[in-house]
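Chemist: just to be clear, the model below is a prediction. Sequence and coordinates:
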2 protein chains.
Amino acid sequence: MKIKRVCILGAGTLGTRVALQAGLSGYQVAIFDIQPKALENSQKLMQKIVRQLANNSGLDDVAGMNAIAAITFTDNPNVAIWDADIINESVTEDPEIKYAVWDQFGKIAPEKTIFTTNTSFLLPSMFAEISGRPERFCAFHFHDVFYSKVVDIMPHPGTDPSLIPVLMEFGKSLEQVPVVVKKENPGYLFNSMLMAFIGAAGKLLTGEVASIEDIDKSWMVNFHMHMGPFGILDSIGLDTAWHVTNKLPDQASQRFAALLKAYIDKGKLGEKSGEGFYKYPNPAFRSEDFLL
Amino acid sequence: MKIKRVCILGAGTLGTRVALQAGLSGYQVAIFDIQPKALENSQKLMQKIVRQLANNSGLDDVAGMNAIAAITFTDNPNVAIWDADIINESVTEDPEIKYAVWDQFGKIAPEKTIFTTNTSFLLPSMFAEISGRPERFCAFHFHDVFYSKVVDIMPHPGTDPSLIPVLMEFGKSLEQVPVVVKKENPGYLFNSMLMAFIGAAGKLLTGEVASIEDIDKSWMVNFHMHMGPFGILDSIGLDTAWHVTNKLPDQASQRFAALLKAYIDKGKLGEKSGEGFYKYPNPAFRSEDFLL
């Protein structure tokens, strides 16, 4: 089948970015949100991203603005879903909200529509049945669309395998590297690895083996990266990291969760709150003499 | 104290590189090995590295060759240790050999000499006593000197704290980023984090969650790196990784160790044997279309 029309559910950070990339890739796009204000902000964010891409990646500014102008921003479910070949759902990461959305759109979507969820930590099998078409339901998970260009394709046990190559091609057409997660796995592939090394960094810190700065330096210099684990945690958000870490039963994770909680209780959530392990907007690890 | 004269014990890959950097940084250097052939190879490796640095990093070729010419290559312990301000020991990663070396050099070293070991996985406390000067004994661990320019400074409980700033300055003068490992920790800082994320990658593979290639792609694209965990394993050597993984008691590590062992039993040790998870010299992950 040929995907032409794309319906994005949820006009938050990720939904906005997916919708924009779909527009830039030549798809007909509708983006839905129940809050008109969210749709307004979504359009502004798209304009900001297009200007950034024009400055940094040589995107044609006019082509970008035209792509945004061609996108349908709507709070009307029937308008959003009209003639859609695929849904990519990015609504709030709350099982009850996602459940309600799939219940609603499962009933009104055209027969041809493929259903995909962009959930970060939940599993597609949680929403496959309520959508009414479990065999055409799959996770299709973006990272940030324009910087980390990878998309996870994660079927649940009832997904029709013929959907995988369709989603692979669709992912490539959106300039993403598609990877297949053959079994349901919370956090897909990257988050499993990310949280493992961040957990190891947390263990070094709570065990008083080394300082935040020295742990980050070790990672940055060895991997020639611009951030180490604590810089990464600041960008993820300490609250988000706490939600994951706190659920792990082992002692090291619990100790690290307690340390994260102490920061959170002081309002230190990371870059978004102005302070986490480092102070923003000019954290030490970005200064030129950090690695001297 | 001012370090002027450096004694490197062991003319293998790492000892050779540390000796060369010390020479390039203006120190008087002696490198010792019991095998004359190793000393010969060490000199050739230094010449090769100087040519590479001249091509890639703008090192002056003549200055580099002069630095090598000024280095004393010797199989005579008394020549090696003469007037040494510091020893950095990089002999074979075998506790008995290191023990014998520190017993020997502890007896003949000048009183002023600082003792440091470049061990990868052993602990300085294992050799501090036999060296005869535990308070002046510390781990000083390089990664690869010219690409990953970080040096771990890891005291044992009996190390005189005043040694740390001296080693920090010495590390910086060798163009390394010094990081302090405040407590003895096998694998220092980086290896703890490296093995954690590689273990997570191994778990994804043995759990049949995703393919080698897709796991690597996920890491490479998200972190903008040239290698993923399985490419990294190929460069570390599957045998080395097995030695570490096999010692971990948890089921996931044991399953991954068994998988590594199956590769090793087929002679697939990684890049050095021509094949590991990928085939060399042109592994798939280095091809231009790997991320398409």
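Modeler: Alright, I've got the coordinates. Residues are numbered from 1 along each chain as shown, chains lettered A, B, ... in the order given.
Chemist: only C-alpha atoms for contact and neighbour calcs from this point on.
Modeler: Fine.
Chemist: flag every buried residue along the helix or strand bottoming out on mean pLDDT in chain A.
Modeler: Each helix and strand of chain A was given a mean pLDDT (mean pLDDT, DSSP states H and E); the minimum falls on helix A:238-245 at a mean of 91. The neighbour-count check on helix A:238-245 (16 or more other Cα atoms under 10 Å in any protein chain shown) flags A:238-239, A:241-242, A:245 as buried.
Chemist: equivalent analysis for stretch A:40-49, please.
Modeler: Those would be A:42-43, A:45-47, A:49, for stretch A:40-49 by 16+ other Cα under 10 Å.
Chemist: okay, and which of those map to helices?
Modeler: A:42-43, A:45-47, A:49 (DSSP state H).
Chemist: reformat these as TSV; add distance to chain B and pLDDT.
Modeler: TSV is the format used below for those (distance: Cα to the nearest Cα, whole Å; pLDDT from 0 to 100):
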residue	distance to chain B	pLDDT
A:Ser42	24	98
A:Gln43	26	98
A:Leu45	22	97
A:Met46	22	98
A:Gln47	24	97
A:Ile49	19	97
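Chemist: and the helices in chain A?
Modeler: A:13-24, A:36-56, A:61-70, A:77-81, A:95-108, A:125-128, A:163-173, A:190-206, A:212-223, A:229-236, A:238-245, A:251-265.
Chemist: quick one: contacts of the first one?
Modeler: Applying Cα atoms under 8 Å, 6 or more residues apart in numbering or on different chains, the contact partners of helix A:13-24 are A:6, A:8-10, A:28-31, A:42-43, A:45-46, A:63-64, A:67-68, A:70-71, A:89-91, A:142, A:144-146, A:174.
Chemist: could you rerun that using 7 Å?
Modeler: Residues outside helix A:13-24 that contact it (Cα atoms under 7 Å, 6 or more residues apart in numbering or on different chains): A:8-9, A:29, A:31, A:42, A:46, A:64, A:67-68, A:71, A:90, A:144-145, A:174.
Chemist: of these, closest to chain B?
Modeler: Among those, A:Asp144 lies closest to chain B (Cα to the nearest Cα), at 9.1 Å.
Chemist: quick one: pLDDT of the closest one?
Modeler: Note for A:Asp144: predicted pLDDT of 91.
Chemist: can you pull the contacts of it?
Modeler: A:Leu14.
Chemist: at 10 Å what do you get?
Modeler: A:Asp144 makes contacts with A:13-15, A:17-18, A:150-151, B:222, as judged by Cα atoms under 10 Å, 6 or more residues apart in numbering or on different chains.
Chemist: state the mean pLDDT of stretch A:281-289.
Modeler: 95.
Chemist: and if you look at stretch A:74-90?
Modeler: In this model, stretch A:74-90 has an average pLDDT of 98.
Chemist: buried set for it?
Modeler: A:74-75, A:77, A:79-90.
Chemist: swap in stretch A:268-288?
Modeler: Going by neighbour count (16+ other Cα under 10 Å), the buried part of stretch A:268-288 is A:268-271, A:274-279, A:283-285.
Chemist: name the nearest residue to A:Arg133, ignoring sequence neighbours.
Modeler: Once flanking residues are discounted, A:Arg133 sits nearest to A:Gly106: 7.4 Å by Cα to Cα, 6 or more residues apart in numbering or on different chains.
Chemist: what about the one you found, distance to chain B?
Modeler: 28 Å (Cα to the nearest Cα, to the nearest Å).
Chemist: assess the claim that that residue and A:Ile130 are in contact.
Modeler: Yes - contact criterion Cα atoms under 10 Å: A:Gly106 and A:Ile130 qualify, at 7.5 Å.
Chemist: hey, what's in contact with both of those two?
Modeler: Common neighbours of A:Gly106 and A:Ile130 (Cα under 10 Å, 6+ apart) are A:Ala100.
Chemist: hmm, back to that, and chain B, which of the buried residues of stretch A:74-90 reach it?
Modeler: Among these, not one lies near chain B by Cα under 10 Å from any Cα of the partner chain.
Chemist: returning to what we had before: quick check, nearest of the buried residues of stretch A:268-288 to chain B?
Modeler: Taking the buried residues of stretch A:268-288 together and measuring to chain B by Cα to the nearest Cα, the closest member is A:Phe285, at 13.2 Å.
Chemist: just flag the most distant two among the contacts of A:Asp144.
Modeler: Farthest pair in the contacts of A:Asp144 (Cα to Cα) is A:Gly15 and B:Asn222. Separation: 18.6 Å.
Chemist: the two: which is more packed in?
Modeler: For A:Gly15 versus B:Asn222, the count of surrounding residues by other Cα atoms under 10 Å in any protein chain shown is larger for A:Gly15: 26 against 16.
Chemist: related to what we said a few turns ago, with distance to B:Lys261 added, can I get the helices of chain A in CSV?
Modeler: Output for the helices of chain A, formatted as CSV (distance: least, Cα to Cα, whole Å):
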stretch, distance to B:Lys261
helix A:13-24, 42
helix A:36-56, 46
helix A:61-70, 52
helix A:77-81, 52
helix A:95-108, 42
helix A:125-128, 35
helix A:163-173, 32
helix A:190-206, 22
helix A:212-223, 27
helix A:229-236, 30
helix A:238-245, 31
helix A:251-265, 29
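Chemist: which one of these lies closest to B:Leu204?
Modeler: Of the helices of chain A, nearest to B:Leu204 by Cα to Cα is helix A:190-206, at 8.3 Å.
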